[in-house]
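> Prediction below, plus the sequence it came from.
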Amino acid sequence: MLTFPRGLPTSTRTVDVSVAAPAYNEADTIAAVVTEWREYLERHPSVGEWEIVVCDDGSVDATSAVLAGLSYDCPQLVVVTFEHNRGAGAAIAAAIARTRFDWVVLLDSDGQFPIANLDRVLPRVQAGEAMAFSGARIRKADGLAYRWGSAASGAISNLLHRTRYRDFNSVFKVVHGPLFRALPLEAGGMNCSTEITARVAEIGHQWVEVPIEHRERGSGRRGWRFWRGACDRALFVAYLGYRHWLLRRGVLRTASGPEEAG
């Protein structure tokens, strides 16, 4: 739980925000997306200090050049660059690791999750309501096959973890920085958002779900083909469920959260 100076209402406190995002071959839209993020963070009265950390996951188009051009005019933009493509999970982990501020907002650089969704989260952060917030998509803008796959894996994940989250796989996350940066993330592909939900639950924190808008992706392409991705997701969900079962039996030890570390 956050602590604030006595006598000062929590609602008057600004929130220092780090945006973290992966990017792979997003040259067509990355400038518009980063500009949208920047304008929101600059203008929002509840946002104090801020930064944007984007990990370029070995893009082979002009993504790197576009990000370099944006950084000249925006010192708050930090670009982490992979020489070769390593997958969305590795890029997300690298972006989170480079953040500095109290709260980290996980977004996707293709514009699927408008940063304006933060309007529904910031007041709850200021109130010290929770350590982790997750966006529950009101209407998923993905194709039918992807919506079905996400719903199925989410239902299985909830069953295995004994949770009841509406959108277990949502990328949109707002998490207390020290907690987020301490998570041991293993996913190599697009399953990282599922893993984040599971890992935070493992260490005893409840996610507060907030309804959010979801858009069709702007450009770029997914890092995996549908059927291979579906197979990988099924295997990864099974792995997370098995891990959770071992934790409940005491075979594995739960990693200490940042507040417990000495």
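Ah, there it is.
> From here on, just use CA atoms for contacts and neighbour counts.
Will do.
> What segments of the stretch 151-262 of the chain are helices?
Applying DSSP state H, counting those that start in this stretch to the stretch 151-262 of the chain gives helices spanning 177-182, 192-202, 226-249.
> so what's Tyr165 up against?
Residues near Tyr165 by Cα atoms under 8 Å, 6 or more residues apart in numbering: Asn158, Glu209.
> Low-confidence stretches in the stretch 1-150 of the chain?
For the stretch 1-150 of the chain, the stretches with pLDDT under 70 are 1-12, 139-150.
> which stretch in the helices of the stretch 151-262 of the chain has the least confidence?
Here the lowest mean pLDDT among these goes to helix 226-249, at a mean of 74.
> which outside residues touch it?
The set of residues external to helix 226-249 that reach it, using Cα under 8 Å, 6+ apart, is 149, 153, 156-157, 160-161, 190-191, 194-195, 198, 202, 252-254.
> out of these, which is most surrounded?
Among those, Ser157 has the most neighbours (other Cα atoms under 10 Å), with 25 neighbours.
> What pLDDT does the model give it?
Ser157 is given a pLDDT of 78.
> For it, give me its contacts.
So Ser157 contacts Thr163, Phe168, Val237, Gly241 (Cα under 8 Å, 6+ apart).
> which non-adjacent residue is nearest the second one?
In space, Phe168 comes closest to Gly154 once its chain neighbours are excluded; the distance is 5.1 Å by Cα to Cα, 6 or more residues apart in numbering.
> Quick one: residues contacting that neighbour.
Contacts of Gly154 (Cα under 8 Å, 6+ apart): Arg166, Asp167, Phe168, Asn169.
> Next step: those restricted to strands.
Judged by DSSP state E, the contacts of Gly154 include no members of strands.
> I'd assumed Val105 was in a strand, is it?
Yes - looking at Val105 with DSSP: H, G, I helix; E, B strand; the rest coil, it is inside a strand.
> so it sits right up against Val17, yeah?
Yes - counting by Cα atoms under 8 Å, Val105 does reach Val17; the two are 7.1 Å apart.
> Ser64 reaches Cys55, doesn't it?
No - contact criterion Cα under 8 Å: Ser64 and Cys55 do not qualify, at 9.6 Å.
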